[in-house]
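1. got a sequence here, can you model it:
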Amino acid sequence: MKRSIQLSLILFLLTAIAFPTIVNADTAGNQIAGTWEVHIDAGAMQFTDLSSMTRDGQVITVNPGGGTALGGWQRVQGRTYDVNFTGFAPGDVRATIFSTVDLSTDGQEFSGPFLTEFRDLEGNLLFDMEGTVHGTRLPIIGF
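-> Numbering: from 1, shown residues only. Model (predicted):
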């Protein structure tokens, strides 16, 4: 009987220790879903775009030149996410962006490296570009 109580207590304590970690992985502070102002730094080229990441893993990005790109995101582990999206650049060129970003503890910012591949419509690589991104969550403000 005493052994059964000790075993139950050990299982309870292990569950109590592990459960907050499991719950915290999906709290609001660890959600990339939302709308973001994203600063792109590729050395000589720097600009800002707007990106929305939906709860079901979709990405919609609009850049200052009016281009739109579509794609998806997925959690790698913890606060790390893979984000990929594709759009068209002038001259029948398709641009695909690959990025892995880390979300801040409060969930209001992310940052990480990116690689953009520019390909013709047949899929041939024309050139690529690397850099970093830094996103800031756009708040919802009542009227």
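2. got the contact list for the residue nearest to residue 68 when sequence neighbours are not counted?
-> Spatial nearest neighbour of residue 68, excluding adjacent residues (C-beta to C-beta, 6 or more residues apart in numbering): residue 62 at 5.4 Å. Just so you know, the C-beta spots here come from the backbone N, C-alpha and C atoms, and that holds for glycine as well. Residues near residue 62 by C-beta atoms under 8 Å, 6 or more residues apart in numbering: 49-51, 68.
3. same check on residue 114?
-> 40, 97-99, 130-133.
4. so residue 130 makes contact with residue 42?
-> Yes: assessed by C-beta atoms under 8 Å, residue 130 is found in contact with residue 42 at 7.0 Å.
5. common neighbours of these two, please.
-> Common neighbours of residue 130 and residue 42 (C-beta under 8 Å, 6+ apart) are residue 116.
6. more neighbours: which of these two?
-> Between residue 130 and residue 42, counted using other C-beta atoms under 10 Å, the more crowded position is residue 42 (14 against 11).
7. and the more buried one, what pLDDT?
-> pLDDT for residue 42: 94.
8. list the beta-bridge partners for the residue nearest to residue 130 when sequence neighbours are not counted.
-> Once flanking residues are discounted, residue 130 sits nearest to residue 115: 5.3 Å by C-beta to C-beta, 6+ apart. Legend: beta-bridge partners of residue 115 under DSSP bridges are residue 98, residue 130.
9. can you check residue 70 too?
-> residue 60, residue 86.
10. could you do residue 119 as well?
-> residue 94, residue 125.
11. who's in contact with it?
-> 93-96, 125-126.
12. and the residue nearest to residue 68, how far from residue 127?
-> The spacing between residue 62 and residue 127, counted by C-beta to C-beta, to the nearest Å, is 23 Å.
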